[in-house]
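**Q** Structure of the sequence below:
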Amino acid sequence: MFEDLIDASPLKPEVIRGTDLLIVRELLGDAYFGKPRGVKVEDGRRIGINTMVYNETEIRRIARVAFGIARTRRRKLLSVDKANVLETTELGGGTW
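**A** You can find the predicted model right below:
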């Protein structure tokens, strides 16, 4: 944690001071760029559509980036994925 940002944290300064945490998040797949997408009118109602699409290549790419960064820091990595009822989240439990 940068000293100048400690007062901006909702956590107490004594809790946040000295924290060394970097979050690497995948933002090129999923509903951000999936197709079909858009807004259409159906039966007089507007409908928004965002399609979630993931593949193993995207998962490997973000894992390589995170491991590469971890090698230059304390060599520690924690992987968290939000697996739930969506089929796209079933890919996260594989062996890479």
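
**Q** Please make it C-alpha for all contacts and neighbour counts, starting now.
**A** OK.

**Q** quick one: low-confidence ranges for the protein?
**A** Counting by pLDDT under 70, the chain contains low-confidence ranges at 92-96.

**Q** Pick out the residue nearest the middle of it.
**A** When Cα atoms, centre = their mean is applied to the chain, the residue found nearest the centroid is Arg25 (3.3 Å).

**Q** For that residue, give its distance to Ser79.
**A** 10 Å (Cα to Cα, to the nearest Å).

**Q** Please point out which parts of stretch 39-56 sit buried.
**A** Of the residues in stretch 39-56, Met52, Val53, Tyr54 count as buried by neighbour count, 16 or more other Cα atoms under 10 Å.

**Q** so what does the helix or strand where Val39 lies touch, helix or strand wise?
**A** Here Val39 is covered by strand 37-42, with elements defined by DSSP states H and E. Secondary structure elements in contact with strand 37-42, counted by 3 or more Cα pairs under 8 Å, 6 or more residues apart in numbering; DSSP states H and E, are strand 45-50.
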